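Colleague: I need the structure of the sequence given here:
(chains A and B, ligands or ions: 4)
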Amino acid sequence: MTEATRDIQPVELLINGIPVRAEPQMTIVEAAWAGGVPRVTGVGCLEGVCGSCRILVRRGKEVNVALGCETFVEPGMEALFLPAPGTPRHQYQLTELADGWDIQARFHEIFPEASRCRHCHGCVKSCPKGISVEEGVKLAAAGHYREAGEAFLECVMCELCDSACPEYIAPAHVGLFCRRITAFFHLRPPNLIHKLEELKQEADKKEQP
Amino acid sequence: MKRGLSLQAALAAYRADAELAPLPDQPDPDALLHAYHPDYLRGSMTKLTIGANAGADCQRELADLLQAEAFIDEADLAGAQVTDTDVLVVGGGGAGCAAALAAAERGARVLLATKLRLGDSNTVMAEGGIQAAIEPGDTAQQHMQDTLRSGHHAGDPALVAALVGDGPETIRWLIHQGMQFDQTPSGDLHTRKAGGTSAPRVVHCRDYTGLEMMRVLREAVKQHRGIEVWEQSPVVELLSNERGQKCVGAVLGSLADGSMRIVRTRSVILATGGLGRLHLNGFPTSNHIGATGDGLVLAYRMGAKLCELDSFQYHPTGLVHPAHLYGKLVTEGVRAAGALLLNAHGQRFVDELQPRDIVSAAIIRECREGRGIHNDNGVGVWLDTPRLERSQPGLLEREFPKLLTRTRHVGIDPRREPILVHPTLHYQNGGVVIDVDGATTVPGLYAAGEVAGGIHGRNRIMGNALLDIIGFGRRAGRAAAAAEHDRGPKKITLEHVNRARRELTLAGLPLEQRAPRVLPAYTAAGKDIWKS
Ligand SMILES: Cc1cc2nc3c(=O)[nH]c(=O)nc-3n(C[C@H](O)[C@H](O)[C@H](O)COP(=O)(O)OP(=O)(O)OC[C@H]3O[C@@H](n4cnc5c(N)ncnc54)[C@H](O)[C@@H]3O)c2cc1C
Ligand code: SF4
Ligand code: SF4
Ligand code: FES
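Modeller: Ligands and ions are numbered 1, 2, ... in the order given. Down below sits the predicted model:
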């Protein structure tokens, strides 16, 4: 920090209910640490890709969710670190999805709520990455897994959309499921397959005396 | 240090279409490294006095931790809850998840304990990609040569052979877990060249390779019935048998309530990652908040041998601006795609695709000699992204969405503004000595991923770390699951801690410092973890 910035007024805000004086330009995470707010360990990358630093932010009457490492302090703001998401409610193993032809039926067995989206936009409003979550869920429910998965490319699995969804659809996990089965069933790159085949033949040759 | 231009002045003078002078003649690489690389800073190194590496060179701040007291003693063990499992995996990054999945696939009961949330790691931040020799003109032998040469021939050839041999199968396994990679229009995996590689060999998922890998592996682990996960549960000490010569478990502290728990097990796999958050030599870091070198400390106290403790990677392109992203990474992929480095006078000064240690040393030279660009945070040089965008319009958005997304909310667009960069502490080249099964020199103790050493020699090339963590993670998982049960009653002790304390006292070293560090002191939790 230079002399010039030191003269600037500190920003006063509440983090986890504790009054904190922070420097402007600080993120909520930095301000929490500098202010000695205890037990702020829902933090990881500090660059908005690990999805750990889930916060609830109140500015006046307006309440939002966000990522604490990407949100800057503002006077009078209240921030609350949210607990980490629990274990996924939707259970599946990719290896048990042996047949690509019944994948739509299996999808609806695993995620029965996905077809009950009520288009409340809760997920979209809560997504800190600007992902078209609702549209992604719709694509998934219609069986367009590749496009659905592509919509979730930048998803950091903060699961804020899951918390927001009144139908318990777990949109983040729907998106990840779509990405995973797209790779599992469809990613068959010729250059990799060719190399694996080559290596197998070499190994076979070595085994035969 | 001579002062260069201010950020404002340099920005005003910058033009994406300015004519560039040819690259000046390059100095001898060794001379450059000795003069400017942080590993060679005076006062940066010391010699270890106790433990398996006594007498060896070690970075000073790390040496202080390797030769420190444990957090706990016998009194802490009394009354702690005890859990039994077959394999304990310590660390929830890529190496830990791969190890847990491999051990569980072999039928072992696995407990994965991690410091923060499962997936908070260096893995999730990896951008550029993962190496595997899969292109028709490329071979494992070439991959091996590149790895050894860039590591200044300090790597262990047996480990490097295992690494490169695992390449194609590792990519197949990742796809089988549900990980996507970028493809060419004809469906081949898209490959990039990287600094120090003789063929295009880096496969990737845009510049989100680590994020894609981590969210897939996290889900695979969470969905696996044979794996139990404990989050917010850092290991603060290992446990040994009566003679202090075999690892038989670990002590876990809870970040939520400060309580201690004991885990008894056949084998422990350390997958705790790197140490960027120790900020060696005062450098900023690209690493996540939990990268405090805990695994090295735990393994060393247990008696394990370490290697290359005097060799660290400072990645050439860490952000200097904006402030909240200080030290964060710009992937080498951007240079591989053609972006140039320019000093304050708009001149090139190094071949951008030389190995990282050389490029970093050259940037530090420019800054020290007054050809850098300053702002409140520090000093750096330009990574010329607007020129790249001009020559290949749309490339940045297509291949590097993370680069654009990360600074969008503060109004910085790398397509229009060059990026101010300076070397940042990035990677621990060495670590715990392992064999091809991930076994350390201590029975019962395995290590995989960035915490392990011997693969990358004294300089790692882009894409080899992600290959290492999956390849060796799976190797360690398989070996640990196959380890024999001990017969007779299981005794868990802190004999190795007592031994280390005796050595410290004999050597006249202070006993005030405690380690592992667990969280940096500038985090609120790091200030008062347990009783340190
Ligand atoms: C920004 C960035 C970009 C990178 N880009 C690339 C790239 O493009 N290609 C490439 O090959 N490599 C890249 N690397 C390097 C690579 O990502 C890492 O070396 C690799 O991911 C390390 O994996 P790991 O599983 O060993 O450690 P990590 O992924 O760091 O995981 C370590 C885990 O251990 C936990 N842990 C630590 N201490 C304890 C403890 N005491 N008790 C319990 N748990 C603990 C941590 O919380 C964490 O979950 C990059 C690194 C960074 C930082
Ligand atoms: S889609 Fe959901 S989990 Fe993913 S980033 Fe957006 S809110 Fe977070
Ligand atoms: S929050 Fe749930 S119900 Fe509402 S739009 Fe999103 S997916 Fe549909
Ligand atoms: S700390 Fe990783 S997203 Fe904020």
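Colleague: Quick one: residues contacting whichever residue of chain A sits closest to chain B.
Modeller: Across chain A, no residue is closer to chain B than residue A:180, which sits at 2.7 Å (CB to the nearest CB). C-beta: built from backbone N, CA, C; applies to glycine. Neighbour list for residue A:180: A:94, A:149, B:177-179, B:216, B:219 [criterion: CB atoms under 8 Å, 6 or more residues apart in numbering or on different chains].
Colleague: quick check, it in a helix?
Modeller: Yes: membership of residue A:180 in a helix is supported by DSSP: H, G, I helix; E, B strand; the rest coil.
Colleague: Point out where chain B drops to low pLDDT.
Modeller: B:1, B:485-489, B:528-532 (pLDDT under 70).
Colleague: Tell me which other helices or strands the longest helix along it touches.
Modeller: Looking across chain B with DSSP state H, the single longest helix is helix B:157-177. Under the contact criterion of 3 or more CB pairs under 8 Å, 6 or more residues apart in numbering or on different chains; DSSP states H and E, helix B:157-177 touches helix A:171-186, helix A:190-207, strand B:130-131, helix B:140-150, helix B:209-223, helix B:464-482.
Colleague: Looking at the ones you listed, which one is packed in the most?
Modeller: Greatest average neighbour count among those goes to strand B:130-131 (a mean of 30), per mean count of other CB atoms under 10 Å in any protein chain shown.
Colleague: wait, does that strand make contact with chain A?
Modeller: No: figure legend: strand B:130-131 not in contact with chain A (CB under 8 Å from any CB of the partner chain); closest approach 12.2 Å.
Colleague: Mind giving me the packing neighbours of that strand?
Modeller: Applying 3+ CB pairs under 8 Å, 6+ apart, we find strand B:130-131 packed against helix B:157-177, strand B:202-203, helix B:464-482.
Colleague: Distance to residue A:33 added to these, as TSV?
Modeller: Listed next are the helices and strands packed on strand B:130-131 as TSV, based on distance: least, CB to CB, whole Å:
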stretch	distance to residue A:33
helix B:157-177	35
strand B:202-203	35
helix B:464-482	28
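Colleague: For residue A:15, find the nearest of the ones you listed.
Modeller: Closest to residue A:15 of the helices and strands packed on strand B:130-131 is helix B:464-482 (CB to CB; 34.4 Å).
Colleague: Helix, strand, or coil at the nearest residue to residue B:400 once chain neighbours are set aside?
Modeller: Counting by CB to CB, 6 or more residues apart in numbering or on different chains, residue B:400 lies nearest to residue B:207, which is 4.6 Å off, once chain neighbours are set aside. State at residue B:207, reduced to three classes by three-state DSSP: coil.
Colleague: What of residue B:350?
Modeller: coil.
Colleague: Contact partners for it?
Modeller: B:23, B:26, B:341, B:358-359, B:362-363.
Colleague: Now it, what are its backbone angles?
Modeller: With angles defined as degrees, to the nearest 10, residue B:350 sits at phi -160, psi 150.
Colleague: What is the burial count for residue A:47?
Modeller: A total of 22 residues lie near residue A:47 under the criterion other CB atoms under 10 Å in any protein chain shown.
Colleague: Show the pLDDT at it.
Modeller: pLDDT recorded at residue A:47 is 95.
Colleague: what residues are up against residue B:523?
Modeller: Shown in contact with residue B:523 (CB under 8 Å, 6+ apart): A:33, A:40-41, A:43, B:289.
Colleague: Nearest to ligand 1 among these?
Modeller: residue B:289 (8.2 Å; CB to the nearest ligand atom).
Colleague: which secondary structure element contains the residue lying closest to that closest one once chain neighbours are set aside?
Modeller: By the measure of CB to CB, 6+ apart, the closest residue to residue B:289 outside its immediate chain neighbours is residue A:43, 5.4 Å from it. Secondary structure assignment for residue A:43, by DSSP states H and E: no helix or strand.
Colleague: rewinding a little: who wins for most neighbours among the contacts of residue B:523?
Modeller: Neighbour counts for the contacts of residue B:523, by other CB under 10 Å, peak at residue B:289, which reaches 28 neighbours.
Colleague: What parts of the stretch 1-150 of chain B come near ligand 4?
Modeller: With the criterion set to CB under 6 Å from any ligand atom, the stretch 1-150 of chain B never comes near ligand 4.
Colleague: still on that earlier bit, taking the contacts of residue B:350, please make a PyMOL selection of just the buried ones.
Modeller: The following PyMOL command selects only the buried members of these, with burial defined by 16 or more other CB atoms under 10 Å in any protein chain shown:
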select buried, chain B and resi 341+358+359+362+363
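Colleague: Out of the contacts of residue B:350, name the ones that lie in strands.
Modeller: With DSSP state E as the criterion, strands contain residue B:341 from among these.
Colleague: where's residue B:109 relative to ligand 4, distance?
Modeller: 31 Å (CB to the nearest ligand atom, to the nearest Å).
Colleague: Cross-check the contact I'm expecting between that residue and residue B:226.
Modeller: Yes: counting by CB atoms under 8 Å, residue B:109 touches residue B:226, with 6.5 Å between them.
Colleague: neighbouring contacts of stretch B:137-145?
Modeller: Contacts for stretch B:137-145 (CB under 8 Å, 6+ apart): B:131-133, B:157, B:160-161, B:164-165, B:167, B:197-201.
Colleague: typed the wrong thing, it's stretch A:188-195
Modeller: B:132-136, B:168, B:171-172, B:181, B:183, B:186-189, B:191.
Colleague: could you dump that stretch to CSV, C-alpha only?
Modeller: Extracted in CSV, the C-alpha atoms of stretch A:188-195 (Å, rounded to 0.1, in the frame of the first residue of the first chain):
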residue,chain,number,x,y,z
ARG,A,188,-13.7,-41.3,-28.1
PRO,A,189,-10.7,-39.4,-29.6
PRO,A,190,-9.1,-41.2,-32.5
ASN,A,191,-5.5,-40.0,-31.7
LEU,A,192,-5.7,-41.3,-28.1
ILE,A,193,-7.3,-44.6,-29.2
HIS,A,194,-4.7,-45.1,-31.8
LYS,A,195,-1.9,-44.5,-29.3
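Colleague: any chance you could read off phi and psi for residue B:268?
Modeller: Dihedral pair for residue B:268: phi -120, psi 130, per degrees, to the nearest 10.
Colleague: isn't residue B:277 right up against residue B:289?
Modeller: Yes: at 6.2 Å, residue B:277 counts as touching residue B:289 under the criterion of CB under 8 Å.
Colleague: Return the residues in contact with residue B:243.
Modeller: Contacts for residue B:243 were tallied using CB under 8 Å, 6+ apart; they are residue B:495.
Colleague: quick one: what helix or strand has it in it?
Modeller: Using DSSP H and E, no helix or strand contains residue B:243.
Colleague: For the stretch 251-400 of chain B, which residues are neighbours of chain A?
Modeller: So the stretch 251-400 of chain B meets chain A at B:255-256, B:288-290, B:323-325, B:328, B:376 (CB under 8 Å from any CB).
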